[in-house]
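Here is the input, now give the coordinates:
(2 chains)
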Amino acid sequence: MKRIPGILLAFVIAARSAAGLAEAPGTGVPSILVTRQLAEARHLSTGDVVRLSNDPSGKDPRTFRIAGVYEPVPDPMRLTAKRWEARMHLGDLLGMTADPADPAAAEEVSAIHLASRNRTDLPRLQRAIAARAPGVLVAASDLPEGADPFRVLERFHVAISIVAVFGSTAFLLALMVIRAEERREVAGILRLVGFPRGKILRQVLVEGIAVAGAGAVFGVVLAMATQGIVNAFFQWHYDTALVFVRVTPGLAVQCVLVAVPLGAVAGFVASWSLLRREVVDLLRR
Amino acid sequence: MSPAAFALRSLGRDPVRAALGIAGIAIVGALLLDMLLLSRGLLVSFGDLLESTGFEVRVTATDALPGMGPPIEEGNEALRKIAALPEADEAVAVRFGEGCVRLASGRERGVGVFAIGFNRRKEWTILERDDLPAPNAGPGASEVPSLLASRTFASEAGLRPGDRVKLRPGSPGDESVLPATEFRVAGIASFPFDGEGSRTAAMGLPSFSAAHLGGDRPRGADPGGEADLLLVSLRPGESPEGAVAAIRRVAPGLRVFSIEEFLARFGRTDFSYFRQISAALAGITGFFVFLLVATLLTVSVNQRLGEVAALRALGFSRRRVASDLVAESALLVGAGAALSVPLGLALARVLDGILRTMPGLPERLHFFVATPRAFLLHALILGGAALLAAAWPIGLAARLPIAATLRKELVG
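Numbers count the residues shown, from 1 in each chain, chains lettered A, B, ... in the order given. Sure, this is the predicted structure:
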């Protein structure tokens, strides 16, 4: 029999039929589920009998049999928390935590989770519950505007990507200037044989768009190829099933849509300095 | 002519290309600097916050953050043992709780309550009027318990120093049979760990217990003196490591942290995301600088093959040609790096402003903090990128067959 110190009894379920939490047949020992993280850390497996206590000193432990091991729902808000958790029947939890001197303690629950049929009717539902059960705090599980740290992180990452785009644009401009300079003589000859400035400009524009588009596509392919490595590293580091990077089609399109106009602008700017010169100037060696 | 002067002339021949290269390095260098400021910014800023309280050691019941885990049950006994240690100057208990205040509009607002034993060091800064009175302040002391209100709490509840306010235990909307307790507002204060717009009240431990603001013990039984946190300040000359070891000996069941250990724990867990993302982005930006400079220099050398061959034919040694290219790389990166510092600091303010809108963060906590280490690393990474970027073009120039190149260039 193993003793598990300091486990956070975070989740309980009420229905015996759910998640295979039946009492071990013929033993009278109630069953629990433990998280994969807890099972790995404490070398637990299905069928093991463990003792749980709600006191850090291990006082008054209760015996449970592990009915199974589960992967906890990934929660970004608890990214750095150790997910050492167990699921048990509400009655078993109350048996461990309720104050025997308080008859009402066996009725106590921390929260009741509701799934509404119609989310738009949430305020009406809140009013109806408040009228029937005064004193109960009814709150939607959505975080209020401005209280979601992941929106803040999103803004931060967008800001960084904007700066990266500025840096890339400078790089692209430098490349296009070099390319334009390399073809100074070719441009002069084309002008000499009658090619109008507009046509040469269009050619450079197409080239800029092609370079930027190819770069963007390469970036997307690279991101798609490496997202697995990034996810594997962070999932290993935080011991979670959370997905950190996901290259979605929308994101890929957004990336290309930003890059291609920038390529066009870079091509235009680079070629303009060349095309405004006189033909003689362009051909001078 | 020195290699630097020669490199300057080389860059000056194509000012647009040089300017674009410098601009690219400046922007990417700014991002690199920001990632380096971010990598330890939270830890440095949080360390400053912890040090500003004047207490060097913290004691909790478990590894959980103070107030987030179970309290120390026998706080009085632990406090007595710790205070008796020769290393300890002062030891005080801290409790965190929650109360409610009813506004003039009839709506209730939650107030974070912070109670601390009386001590010479203060965790707060008084903005208006008085501090909390000392216990047993003598004849004339008010019978009504005192509290300090944060600016937001005072303004939302319309409170000024000297006013009375009623606080009841629990959160807005809770049903509670516990009565509200009347407090006198001794002063308005700012608290180091308060977020923007936090409603906070600070008070003495006896007032906190009497008003049942701890929440967990509605029946009022607390013979051992529960504490969420014990703060210990050290006598001059005592090391935090020695004090931590001494406290662990007298209170073996408790978790004891020096500021360094506390920060190390945060670095491993709560702040690790920003450390990792900054390390990844610093690596990418360093590589980007290398790529940018290597491309510009390689193209520049390729365009000047004839010139390089002519210089070699005139007697310029391979070493001299290599020195010219290293100097050109150093000039490009050096100018970009110099521009990247003010640009990076300005960008850091913008990014810090974005991240500091995260809910519940202490107002004085910053994500981007300028440290000498960050600037040194910035210079080292950019310098390394400049040297590496120059390697390929140097190889090109050094291996150049002089006669064949000159012939090819002339015929071409």
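
Not counting its neighbours along the chain, what's nearest the most centrally placed residue in chain A?
Note on chain A: the residue nearest the mean C-alpha position is A:F244, at 4.3 Å, using CA atoms, centre = their mean. Of all residues not flanking A:F244 in the chain, A:F234 sits nearest, at 4.5 Å (CB to CB, 6 or more residues apart in numbering or on different chains). (Glycine included, C-beta is placed from N, CA and C.)

in which helix or strand would I find A:V34?
Counting by DSSP states H and E, the element that carries A:V34 is strand A:31-35.

so what strands line up beside that strand?
Applying DSSP bridges, strand A:31-35 is found paired with strand A:62-70 (parallel), strand A:85-89 (antiparallel).

and A:S141, how many neighbours does it have?
A count of nearby residues for A:S141, using other CB atoms under 10 Å in any protein chain shown, gives 7.

how about it, what does it touch?
With contact taken as CB atoms under 8 Å, 6 or more residues apart in numbering or on different chains, A:S141 is in contact with A:H113.

what kind of secondary structure is it in?
At A:S141 the chain is in coil, as set by DSSP: H, G, I helix; E, B strand; the rest coil.

One more: B:P179?
Taking three-state DSSP, the label given to B:P179 is coil.

Tell me what the closest residue in space to it that isn't next to it in sequence is bridged to.
Nearest residue to B:P179 in three dimensions, chain neighbours excluded: B:R168, at 7.0 Å (CB to CB, 6+ apart). Using DSSP bridges, the beta-bridge partners of B:R168 come out as B:C100.

quick one: B:R168 and B:G99 touch, right?
Yes: using CB atoms under 8 Å, B:R168 is in contact with B:G99, at 6.3 Å.

give me the element B:R58 is part of.
Under the assignment here (DSSP H and E), B:R58 is part of strand B:57-60.

Would you mark the buried spots in the helix or strand that that strand is followed by?
Downstream of strand B:57-60, the next assigned helix or strand under DSSP H and E is helix B:75-83. Buried residues in helix B:75-83, counted by 16 or more other CB atoms under 10 Å in any protein chain shown: B:G75, B:A78, B:L79, B:K81, B:I82.

How far does stretch A:230-247 stretch from one end to the other?
12 Å (CA to CA, to the nearest Å).

Contacts for it, please.
So stretch A:230-247 is contacted by A:37, A:71, A:74-76, A:79-80, A:82-83, A:220, A:223-224, A:227, B:272, B:276 (CB under 8 Å, 6+ apart).

any idea how far it is from the chain center?
Mean-position distance between stretch A:230-247 and its chain equals 9 Å (CA atoms, centre = their mean, to the nearest Å).

ok, back up a step: so after the strand holding A:V34, what's the next helix or strand?
Next along the chain after strand A:31-35, taking DSSP H and E as the criterion, comes helix A:36-41.

got the buried residues for that following helix?
In helix A:36-41, counting by 16+ other CB under 10 Å, buried: A:Q37, A:L38, A:A39.

and the longest helix for chain A?
helix A:197-238 (DSSP state H).

Where in chain A is the helix or strand with the lowest mean pLDDT?
Within chain A, no helix or strand scores below strand A:8-13, which has a mean of 38 by mean pLDDT, DSSP states H and E.

Which helix or strand contains the residue of the stretch 151-285 of chain A found nearest chain B?
Taking CB to the nearest CB, chain B has its nearest neighbour within the stretch 151-285 of chain A at A:A170, 3.5 Å off. Per DSSP H and E, A:A170 falls inside helix A:149-182.

What residues sit buried inside that helix?
A:149, A:152-153, A:156, A:159-160, A:163-181.

coming back round to it: most packed of the strands paired with strand A:31-35?
strand A:85-89 (a mean of 21; mean count of other CB atoms under 10 Å in any protein chain shown).

between the buried residues of helix A:36-41, which is nearest chain B?
Using CB to the nearest CB, the buried residues of helix A:36-41 come closest to chain B at A:Q37, 14.3 Å.

re earlier: just give me how far the next helix or strand after the longest helix of chain A sits from the chain centre.
Sequence order places helix A:249-275 as the next helix or strand after helix A:197-238, per DSSP H and E. Relative to the chain's own centre, helix A:249-275 is displaced by 29 Å; criterion: CA atoms, centre = their mean.
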